[in-house]
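Colleague: A predicted structure for the sequence below; I have some questions about it.
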Amino acid sequence: MCAVCNQGEEDVLHMLFHCPFAQACWLMGPLALRTDELPRDLSIILDSLFKHKTDEVWTMLANSAWAIWRCRNEKTYGGKVPTFERFLSILNSVGVETRIAAAANKKKEVQLEVSNVCNSQYRCKVDGSWRSPWIGGLGFVVEDGELLKGYRAAPSVVCSPMQAEAVALREAIHFVKSLNLPSCIFLTDNQDLAKVCMELHPPVDADWRAYREINEVWRLLKEFDYECRHIPRSQNCVADHLAKVEHAADWMPESTEIISLREWADAHATSIIEFEDDMTGDIEEVTI
């Protein structure tokens, strides 16, 4: 008899997919799967769930099954009543362990033409703004020396200043990826964000209001061998200006298009004094 529901025979199929507790976990969990209609054949279930899935979905499926199994063991051997909150707690813990293992085993490709990302000619200055709950903005500008490679200003739905900064950095990374740049240094005036994003292991102690975004940024930085560094706020006025504009705007260059950063800044009402500070500041190293 199932130790969790006392309603069915305790076999692997029932415990992981057909027990009412397991069905609730699958349905309300990250994948929102209905398992009540799955067949009573484990091989068919595994084939239908895991076939043609991405690595990320496959990992979430495996982690969810393991979290359900852990809840069952706690009930069987410790008498602890399983709850959905406990399922999520175990699932998050297993997810962190999975990311740590993936980071440790990742084989980095050696690029002879780019020996150190820190020496990249491309820089992306990023900032996020937050005015009130759920109202914020993001802005970033991608630079190639004194030339403009692209920029974006857009509203964001965020609940805290840290989440606004993390969302801005995440969108900046996706933007740089779309430009197919071989490397890039991301610069933020939020020292806490820069420090946590450059940790060797997933930031398990990140601000809970931006936990998901910070962990996604951490994963993207490691995946593409990007760097994130801190700069003083006085050297980030262009991104700050973009993050606070009232309307969305972005620009990506045509293959033959060349725009001077100074000309662009003048056209967008950024003062020459501020812009010169923005151009001449040094990158501050973050000590981990």
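Modeller: Sure thing, it's come through.
Colleague: walk me through the domains of the chain.
Modeller: 12-105, 117-280 (automatic domain parsing).
Colleague: out of those domains, deepest packed?
Modeller: domain 117-280 (a mean of 18; mean count of other C-beta atoms under 10 Å). Bear in mind the C-beta positions are built from the backbone N, C-alpha and C, glycine included.
Colleague: what mean pLDDT does it have?
Modeller: On average, the pLDDT along domain 117-280 is 81.
Colleague: what segments of this protein are helices?
Modeller: Ranges of helices in the chain, per DSSP state H, are 12-13, 20-28, 42-50, 55-78, 84-105, 161-178, 191-197, 211-223, 237-243, 261-267, 272-280.
Colleague: of all the ones you listed, which one is nearest Asp144?
Modeller: Of all the helices of the chain, it is helix 261-267 that lies closest to Asp144, at 8.9 Å by C-beta to C-beta.
Colleague: now the helices of the chain in CSV, with distance to Cys124?
Modeller: Below are these laid out as CSV (distance: least, C-beta to C-beta, whole Å):
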stretch, distance to Cys124
helix 12-13, 48
helix 20-28, 37
helix 42-50, 37
helix 55-78, 25
helix 84-105, 22
helix 161-178, 5
helix 191-197, 13
helix 211-223, 12
helix 237-243, 9
helix 261-267, 13
helix 272-280, 13
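Colleague: out of these, nearest to Ala3?
Modeller: Per C-beta to C-beta, nearest to Ala3 of these: helix 55-78, 4.5 Å.
Colleague: now that closest one and helix 20-28, what's the angle there?
Modeller: 150 degrees (axes from the mean of the first three to the mean of the last three C-alpha atoms, to 10 degrees).
Colleague: got a list of what the most centrally placed residue in the chain touches?
Modeller: Residue closest to the average C-alpha location in the chain (C-alpha atoms, centre = their mean): Glu216, at 1.4 Å. Residues counted as contacts of Glu216 (C-beta atoms under 8 Å, 6 or more residues apart in numbering) are Arg170.
Colleague: please redo it, this time with the cut-off set to 10 Å
Modeller: Applying C-beta atoms under 10 Å, 6 or more residues apart in numbering to Glu216 gives the contacts 166-167, 169-170, 173, 210.
Colleague: next, give me the two most distant ones among those residues.
Modeller: Ile173 and Ala210 (15.0 Å).
Colleague: which among the domains of the chain is found nearest to Val4?
Modeller: Nearest of those (C-beta to C-beta): domain 12-105, 5.0 Å.
Colleague: can you list the domains of the chain in TSV and add distance to Cys5?
Modeller: Below are the domains of the chain laid out as TSV (distance: least, C-beta to C-beta, whole Å):
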stretch	distance to Cys5
domain 12-105	5
domain 117-280	31
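Colleague: ok, which of those comes nearest Asn6?
Modeller: domain 12-105 (10.0 Å).
Colleague: my read: Lys75 touches Ile68, true?
Modeller: No. With contacts counted by C-beta atoms under 10 Å, Lys75 stays clear of Ile68, the gap being 11.0 Å.
Colleague: between the two, what contacts are shared?
Modeller: Shared contacts of Lys75 and Ile68, counting by C-beta under 10 Å, 6+ apart, come down to 4, 21, 82.
Colleague: the second one contacts Gly29, doesn't it?
Modeller: Right, the one you point to is Phe21. No. Using C-beta under 10 Å, Phe21 is not in contact with Gly29, being 11.8 Å away.
Colleague: common neighbours of those two, please.
Modeller: 68, 84, 87.
Colleague: pLDDT added to those residues, as JSON lines?
Modeller: Below are the shared contacts of Phe21 and Gly29 laid out as JSON lines (pLDDT from 0 to 100):
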{"residue": "Ile68", "pLDDT": "93"}
{"residue": "Phe84", "pLDDT": "90"}
{"residue": "Phe87", "pLDDT": "91"}
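Colleague: thanks again, I'm all set now.
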